[in-house]
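Participant: everything below, folded, please.
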Amino acid sequence: MNDLDALLSLLTPEGRALLDEVRDTDPARELAVATRLRRDHPAGLVSAALGQARLRQRAAVKFGAEDAGRMFFTPNGVEQSTRASVAAHRAGRLADLGVTSVADLCCGIGGDAIALARAGIRVLAVDRDPATAAAARANAEALGLAGLVEVREADVTEVDTSGYDAVFVDPARRGGRGRIFDPEAYSPPLSWAVAAARTASRAAALKVAPGIPHEAVPEGAEAEWISDGGDVKEAVLWFGTAPGAVRATLLPGPRTLLGAGLPDPEVRTPGRYLYEPDGAVIRAHLVAEVAEQVGGGLLDATIAYVTADELLPTPYATAYEITDRMPFNVKKLKALLRERQVGTLTVKKRGSAVEPEELRRKVKPQGPHAATVFLTRVAGAPTMLIGHPAR
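Facilitator: Predicted structure coming up:
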């Protein structure tokens, strides 16, 4: 049974009843459950229901247990869909721009379409894969949003978007060999998405990989890097907002740091505090803005650790109080940790080839206390900085 047939079978009354029955199935008991259910249901339907239950459990991280428990997914759809918090942020920005209708191109299983509709925006959701489009349609219906979401199975390059205020494009960034890093190898290519965005009457947003080079950002676009709970999730190229602007947005919040075009901070000797900028700040090249906020400089010209003498809390970086500094030396670190009775050791690194797990095995931390060690460089020299989160 292919993905489309499996999904359609689950939309039948028998399929929906079976989904309810297997909702909380423990993966360790799947075989026993499948054996029992196949006495009364077709084997293909049982397999589809159990597979969908697994996908819903995985999707709860992105969509929340309540929504995920009602939605329909494909394996690729779970992997590639936008996290609900990020989609809601983007939908909110579009609503604030006065957008009332969006052509959502490459809609996947409908994560962004759902967020847009919940923001009161009418959506045309387009995907060329039959199973994916069917899942998007089923999800709009399951969440009571079918009145705002029209799902169309089509090639996005052949869709007329002139009747919509805004365009949102989420090109496929995975191929048969995994992630695609060249924006022109996206499907459709970034150049096509940019051209489509420029036709929008009010605004447009293009979802791209967070590793997109800054030089690949199109002229006149705003670039926004988004993290959620400290994990960088994506970058968005905006049109019709603030041409040339660069921002880092941290969720939940949102908290947004706008680039001010500052020069690189100066390298200085380590102070009492080390600031680790959020990943979105680093991707957006806004470490200088954080350094200015805390009155700090860099430990090394090539590494995004900021050091300062005072504790000035900022939402855009995590602060640590540094208690010890020494050249990289495993034996000396082991002795120090033994002396301090450190049993819980957090290892962070930038500019070091040493793997955190390897270091933990070598120093064998034991004791009731906790510490953080930074493996980095100070003015080019391999260095260990030991400390703890600032209070």
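Participant: lowest-confidence helix or strand of this protein?
Facilitator: The helix or strand of the chain with the lowest confidence, counting by mean pLDDT, DSSP states H and E, is strand 174-175 at a mean of 64.
Participant: D129: what's it in contact with?
Facilitator: Counting by Cβ atoms under 8 Å, 6 or more residues apart in numbering, D129 touches E153. Heads up, the C-betas are built off the backbone N, CA and C, glycines and all.
Participant: distance check, it against C107.
Facilitator: 10 Å (Cβ to Cβ, to the nearest Å).
Participant: check which residues of the longest helix anywhere in the chain are buried.
Facilitator: For the chain, the longest helix by residue count, based on DSSP state H, is helix 43-63. Buried positions in helix 43-63, judged by neighbour count with 16 or more other Cβ atoms under 10 Å: 45-57, 59, 62-63.
Participant: let me know the helix or strand that the residue nearest the centre of the chain is in.
Facilitator: Nearest to the geometric centre of the chain sits K233, at 1.8 Å (Cα atoms, centre = their mean). Secondary structure assignment for K233, by DSSP states H and E: strand 231-239.
Participant: S191 now?
Facilitator: helix 190-198.
Participant: what's that helix in contact with?
Facilitator: Outside helix 190-198, the residues that reach it (Cβ under 8 Å, 6+ apart) are 105, 157, 161, 167, 169, 171, 183-184, 186, 204-206, 208, 216, 218, 221, 237, 239.
Participant: sec struct for the nearest residue in space to R90 that is not next to it in sequence, please.
Facilitator: Leaving aside its sequence neighbours, R90 sits nearest to A205 (Cβ to Cβ, 6 or more residues apart in numbering; 6.1 Å). Following DSSP: H, G, I helix; E, B strand; the rest coil, the label given to A205 is strand.
Participant: ok, so what distance separates A205 from G92?
Facilitator: A205 is 12 Å from G92, by Cβ to Cβ.
Participant: comparing these two, which residue is more hemmed in?
Facilitator: Neighbours per residue, other Cβ atoms under 10 Å: of A205 and G92, the larger number sits with A205, 29 against 15.
Participant: and the spatially closest residue to C106 that is not a sequence neighbour, what does it touch?
Facilitator: Leaving out its chain neighbours, the residue that sits closest to C106 by Cβ to Cβ, 6+ apart is D170, at 4.7 Å. In this structure, D170 makes contact with 82, 104-108, 112, 206-207, judged by Cβ under 8 Å, 6+ apart.
Participant: who's in contact with G271?
Facilitator: 296, 307-310, 322.
Participant: which of these fall in strands?
Facilitator: 307-308, 322 (DSSP state E).
Participant: neighbours of E355, how many?
Facilitator: There are 12 residues near E355, going by other Cβ under 10 Å.
Participant: T318 too?
Facilitator: Residues near T318, counting by other Cβ under 10 Å: 17.
Participant: now for it: which residues touch it?
Facilitator: T318 neighbours (Cβ under 8 Å, 6+ apart): 275-276, 278, 389.
Participant: same check, this time on D228
Facilitator: 83, 85-86, 251-252.
Participant: quick check on these: which are buried?
Facilitator: If we count by 16+ other Cβ under 10 Å, the contacts of D228 have these buried: 83, 85-86, 251.
Participant: secondary structure for those residues - can I get that in TSV?
Facilitator: As requested, those are exported to TSV (three-state DSSP):
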residue	secondary structure
R83	coil
S85	helix
V86	helix
L251	strand
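Participant: quick one: which two of those residues are the most distant?
Facilitator: R83 and L251 (8.6 Å; Cβ to Cβ).
Participant: so the helix holding S191 versus strand 231-239, what angle?
Facilitator: 60 degrees (axes from the mean of the first three to the mean of the last three Cα atoms, to 10 degrees).
Participant: going forward, begin numbering at 409 instead of 1
Facilitator: Fine by me, first position is 409 from now on; the one you just mentioned is helix 598-606.
Participant: any regions of the stretch 509-658 of the chain where pLDDT drops low?
Facilitator: 582-586, 588 (pLDDT under 70).
Participant: how about 90 then?
Facilitator: 580-598 (pLDDT under 90).
Participant: need the strands for it, in chain order.
Facilitator: Secondary structure of the stretch 509-658 of the chain (DSSP state E, counting those that start in this stretch): strands at 509-513, 530-535, 557-561, 574-577, 582-583, 586-587, 611-616, 630-636, 639-647, 654-659.
Participant: in the protein, which spans are helices?
Facilitator: 411-418, 421-430, 438-445, 451-471, 473-476, 483-488, 492-504, 519-526, 538-550, 598-606, 687-691, 695-702, 738-748, 764-771.
Participant: of the contacts of D578 - the most surrounded one?
Facilitator: Of the contacts of D578, with other Cβ under 10 Å as the count, D512 tops at 33 neighbours.
Participant: out of the buried residues of helix 451-471, which comes closest to R431?
Facilitator: Distances from R431 to the buried residues of helix 451-471, taken by Cβ to Cβ, are shortest for A461, at 6.1 Å.
Participant: could I get the contacting residues of the closest one?
Facilitator: Applying Cβ under 8 Å, 6+ apart, the residues near A461 are 427, 430-431, 433.
Participant: same thing with I529?
Facilitator: 499, 502-503, 507-510, 556.
Participant: check G518 too.
Facilitator: 533, 543-545, 547-548, 557, 559.
Participant: once you drop chain neighbours, what's closest to it?
Facilitator: A544 (3.5 Å).
Participant: quick check: that neighbour touching R536?
Facilitator: No - counting by Cβ atoms under 8 Å, A544 does not reach R536; the two are 11.8 Å apart.
Participant: who has more neighbours out of the two?
Facilitator: Higher neighbour count among A544 and R536: A544, with 32 against 16, using other Cβ under 10 Å.
Participant: isn't R680 right next to E729, touching?
Facilitator: Yes - judged on Cβ under 8 Å, R680 makes contact with E729 at a distance of 6.4 Å.
Participant: overlap of the contact sets of these two?
Facilitator: The contact lists of R680 and E729 share L719, where a contact means Cβ under 8 Å, 6+ apart.
Participant: and D568, how far from V689?
Facilitator: 39 Å.
Participant: which of the two has more residues huddled nearby?
Facilitator: Neighbours per residue, other Cβ under 10 Å: of D568 and V689, the larger number sits with V689, 28 against 8.
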